[in-house]
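1. dropping a prediction and its sequence here:
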Amino acid sequence: MRGIFKRRLWMRVMAILLALALNLGAVDGIINGVLKGINTTARVNSTQPAYADPGDGSFSPREFDPNHNETSTLSFRFDYDHECKVELFRDGDFVKTLEDEVSYEGDWDDPDDRKENPDSPSGIINRLIFDGREGDEPMDDGMYTVKITPLDEWSEFPLKADVRIKNYPHIPTHDVSIDYITGLITVNGNSDKNDKIIIYVNGTETATTKADSSGRWQWSSDFTEGNIYTISAEAENKWGTRSKGRSNPNRFEIYQVRKGDDLAGIADFYYYGDSNSTAARQDKIIQATRLPLWKYIQTDWYLLIKDPTIAGIYSPYTDPANLVNKEDETLGDPQYCESAGEPVNPVTGNYFTIKTDLAISGRGLPLEITRTYNNQREYQGPFGWGWDFTYNQRLVFFGSGEIGHQRGDGGVDYYTPDGNGGYKPPVGSYDKLVKNPDRTYTLTQKDKTSYYFDLTGRLQTITDRNGNQIKINYNPADLITSIQDAGG
């Protein structure tokens with residue numbers, strides 16, 4: 001009995017050992033199988049190039065813009081050759097199949113080749129170029145995943161790589177036109193279809209409009225004479241992304257034709273200093289305005305001047321031959337002429353009187369409306385025959401080069417060329433008249449108060465020695481509409 005028991009015990013021990021051996025083999029087989037599976041998953045070389053992490057490929061760049069025809073390239077490797085299926089997902093949702101079946105090469109021909117040459121991978125890098133487009137249209141913004149699945153025993157180990165699409169709208173293009181009857185300015189432009197268009201006037205966001213399904217858009221507005229405007233635009237797409245910058249600006253001003261104007265004079269005025277001929281300057285205005293008849297303009301029509309060199313309202317220089325007489329230098333404030341009685345100039349008989357209607361103390365220069373009357377002055381002013389007032393000052397230009405300063409009190413001071421580019425003041429005056437490089441003028445008095453005149457001769461500002469300023473504003477008829485002091 002004892003021998004039988006020993007034999008049975010020995011058999012049980014052998015069975016247990018055999019079972020353990022079988023279990024360990026199974027575990028080892030499982031581990032080897034898992035390791036084998038890992039080794040054959042799509043991953044980078046053992047040298048780990050910088051573009052990817054082990055077990056995965058990667059895109060470069062990781063974000064791209066299909067709307068500007070950018071692409072991104074996925075670089076990856078396999079251990080062995082595979083036939084694969086390539087699919088695309090967006091934010092985890094299936095989008096489409098990129099390839100039903102495509103071949104990619106691996107580092108070794110087969111497992112036997114790998115056993116024989118474990119340290120000699122061929123270093124083959126596969127590449128997939130993703131254009132992010134669906135036909136002619138860019139795909140929506142978002143995070144996309146490309147999944148490459150081997151169509152063999154390694155199908156459980158697909159390669160996945162992420163890339164982001166961010167579409168930027170194209171920078172709009174546009175041009176301006178004018179309705180020469182009404183003066184309305186219209187901007188016609190092109191952009192990506194259905195984009196929101198943001199309009200900037202002189203750098204300030206002013207209005208918005210929307211492109212149609214073909215990418216065309218339009219915006220119209222009224223503008224005033226005497227100023228140079230710039231119009232630019234940027235686009236915003238349906239994802240709220242704005243274009244990388246604004247459009248090239250259109251730069252222009254407008255002018256409404258007055259009685260007696262000629263196109264050549266207008267063209268030379270607004271393109272003063274450029275290298276073109278008068279004819280070429282005229283052609284530029286004709287083409288911009290789209291005049292119905294060549295070189296024909298009509299009173300009250302509006303002209304579009306693109307890229308002018310001068311800002312202002314055109315006014316032809318006065319030729320003395322067209323004047324009956326120069327104005328009498330003895331007219332005006334008694335500081336420039338003797339008076340007697342009520343007062344009356346005993347030499348000329350001119351009756352002169354002053355009436356101050358408004359006087360407001362301000363910062364620096366006071367705001368003061370003072371009317372003057374000269375009975376010998378043949379002038380119909382804003383306040384009636386013979387009347388003038390403080391801010392109604394202007395420079396009058398003569399063909400001889402002489403310049404008259406209408407002082408706003410009925411009197412005129414005449415400045416004559418000194419032969420050196422400057423001007424000599426009238427006798428007894430310490431005022432200094434200077435022509436600026438842009439053809440504007442500055443008249444500086446003895447107390448350092450300066451009067452700035454635009455190139456048409458209109459008084460624009462009065463500035464004291466401390467920089468306090470009064471600004472004069474005009475309407476298109478050259479009439480003063482408002483006077484603004486330093487306090488606003």
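-> Noted; the coordinates are in hand.
2. how does the protein divide into domains?
-> Under the assignment automatic domain parsing, the domains of the chain span 58-165, 169-315, 320-484.
3. got TSV for the ones you listed, with mean neighbour count too?
-> C-beta coordinates here come from the backbone N, C-alpha and C atoms, glycine included. As requested, the domains of the chain are arranged in TSV below (neighbours: other C-beta atoms under 10 Å):
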stretch	mean neighbour count
domain 58-165	16
domain 169-315	17
domain 320-484	16
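4. including mean pLDDT, could those domains go into a markdown table?
-> Converted to a markdown table, those look like this (pLDDT from 0 to 100):
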| stretch | mean pLDDT |
| --- | --- |
| domain 58-165 | 90 |
| domain 169-315 | 92 |
| domain 320-484 | 78 |
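5. the strands in the stretch 151-300 of the chain, which residues?
-> Under the criterion DSSP state E, counting those that start in this stretch, strands of the stretch 151-300 of the chain are mapped to 159-165, 173-178, 185-190, 196-201, 204-210, 216-221, 229-236, 250-256.
6. adding distance to Asp131, write those strands out as TSV.
-> Below are the strands of the stretch 151-300 of the chain laid out as TSV (distance: least, C-beta to C-beta, whole Å):
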stretch	distance to Asp131
strand 159-165	10
strand 173-178	25
strand 185-190	24
strand 196-201	26
strand 204-210	28
strand 216-221	26
strand 229-236	22
strand 250-256	35
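7. quick check, Phe94 in contact with Tyr144.
-> No. With contact defined as C-beta atoms under 8 Å, Phe94 and Tyr144 do not form a contacting pair (11.3 Å).
8. what touches both of the two?
-> Residues touching both Phe94 and Tyr144 (C-beta atoms under 8 Å, 6 or more residues apart in numbering): Leu88.
9. can you give me the helices in the stretch 1-150 of the chain?
-> For the stretch 1-150 of the chain, applying DSSP state H, counting those that start in this stretch gives helices covering 2-39, 111-116.
10. could I have the last one exported to PDB, CA atoms only?
-> Taking C-alpha atoms only, helix 111-116 is exported to PDB below (Å, rounded to 0.1, in the frame of the first residue of the first chain):
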ATOM      1  CA  PRO A 111       9.300  38.200 -39.800                       C
ATOM      2  CA  ASP A 112      12.000  35.800 -41.000                       C
ATOM      3  CA  ASP A 113      13.900  38.800 -42.500                       C
ATOM      4  CA  ARG A 114      13.600  40.600 -39.200                       C
ATOM      5  CA  LYS A 115      14.900  37.600 -37.200                       C
ATOM      6  CA  GLU A 116      17.900  37.400 -39.500                       C
END
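11. for Asn466, which residues are in contact?
-> By C-beta under 8 Å, 6+ apart, the contact set of Asn466 is Gly364.
12. look at it and tell me its secondary structure.
-> Following DSSP: H, G, I helix; E, B strand; the rest coil, Asn466 is assigned to coil.
13. least confident of the helices of the stretch 1-150 of the chain, on average?
-> Comparing mean pLDDT across these, the weakest is helix 2-39, with a mean of 43.
14. what lines up beside the lengthiest strand in the chain in the sheet?
-> What stands out as the longest strand in the chain, according to DSSP state E, is strand 93-104. Strand 93-104 sits in its sheet next to strand 82-90 (antiparallel), going by DSSP bridges.
15. what does the strand it pairs with rub up against?
-> For strand 82-90, the external contacting residues (C-beta under 8 Å, 6+ apart) are 94-104, 106, 128, 139-140, 142-152, 154.
16. minimum distance to Val427: which of the strands of the stretch 151-300 of the chain has it?
-> Closest to Val427 of those, according to C-beta to C-beta: strand 250-256, at 39.0 Å.
17. between that closest one and strand 229-236, how many degrees?
-> In terms of direction (axes from the mean of the first three to the mean of the last three C-alpha atoms, to 10 degrees), strand 250-256 departs from strand 229-236 by 140 degrees.
18. just how off-centre is strand 250-256 within its chain?
-> Mean-position distance between strand 250-256 and its chain equals 18 Å (C-alpha atoms, centre = their mean, to the nearest Å).
19. what is it packed up against?
-> strand 173-178, strand 185-190, strand 229-236, helix 263-270, strand 302-306 (3 or more C-beta pairs under 8 Å, 6 or more residues apart in numbering; DSSP states H and E).
20. and the last one with strand 250-256, angle?
-> Calculated by the same axes, to 10 degrees, strand 302-306 forms an angle of 150 degrees with strand 250-256.
21. which helices and strands sit right next to strand 302-306?
-> Using 3+ C-beta pairs under 8 Å, 6+ apart, the elements in contact with strand 302-306 are strand 173-178, strand 250-256, helix 278-289.
22. okay, these in a markdown table with distance to Arg164 next?
-> Output for the helices and strands packed on strand 302-306, formatted as a markdown table (distance: least, C-beta to C-beta, whole Å):
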| stretch | distance to Arg164 |
| --- | --- |
| strand 173-178 | 28 |
| strand 250-256 | 35 |
| helix 278-289 | 45 |
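23. these: which one's closest to Asn345?
-> Nearest of those to Asn345, taken as C-beta to C-beta: strand 250-256 at 40.8 Å.
24. partner strands of that closest one, parallel or antiparallel?
-> In the sheet, strand 250-256 lines up with strand 229-236 (antiparallel), strand 302-306 (antiparallel) (DSSP bridges).
25. columns distance to Val163 on top of the ones you listed, output as TSV?
-> Below are those laid out as TSV (distance: least, C-beta to C-beta, whole Å):
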stretch	distance to Val163
strand 229-236	24
strand 302-306	45
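26. what's the closest of the ones you listed to Thr461?
-> Of all the strands paired with strand 250-256, it is strand 229-236 that lies closest to Thr461, at 20.9 Å by C-beta to C-beta.
27. quick one, the closest one and strand 196-201 angle?
-> Counting by the same axes, to 10 degrees, strand 229-236 points 160 degrees away from the direction of strand 196-201.
28. so how far is strand 229-236 from its chain's centroid?
-> Counting by C-alpha atoms, centre = their mean, strand 229-236 comes out at 5 Å from the chain centroid.
29. cool, stretch 422-434 as well?
-> Stretch 422-434 has its C-alpha centroid displaced from the chain centroid by 45 Å (C-alpha atoms, centre = their mean).
30. dump it to PDB, keeping only the CA atoms.
-> Extracted C-alpha coordinates of stretch 422-434, given in PDB (Å, rounded to 0.1, in the frame of the first residue of the first chain):
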ATOM      1  CA  GLY A 422      10.000 134.900 -49.400                       C
ATOM      2  CA  TYR A 423       7.700 137.900 -49.100                       C
ATOM      3  CA  LYS A 424       8.200 141.500 -48.000                       C
ATOM      4  CA  PRO A 425       5.400 142.800 -45.700                       C
ATOM      5  CA  PRO A 426       3.700 146.200 -46.200                       C
ATOM      6  CA  VAL A 427       5.600 149.200 -44.900                       C
ATOM      7  CA  GLY A 428       5.300 149.500 -41.100                       C
ATOM      8  CA  SER A 429       4.200 145.900 -40.600                       C
ATOM      9  CA  TYR A 430       6.200 143.300 -38.700                       C
ATOM     10  CA  ASP A 431       4.100 140.400 -39.900                       C
ATOM     11  CA  LYS A 432       5.900 137.500 -41.700                       C
ATOM     12  CA  LEU A 433       4.300 135.500 -44.500                       C
ATOM     13  CA  VAL A 434       5.900 132.100 -45.400                       C
END
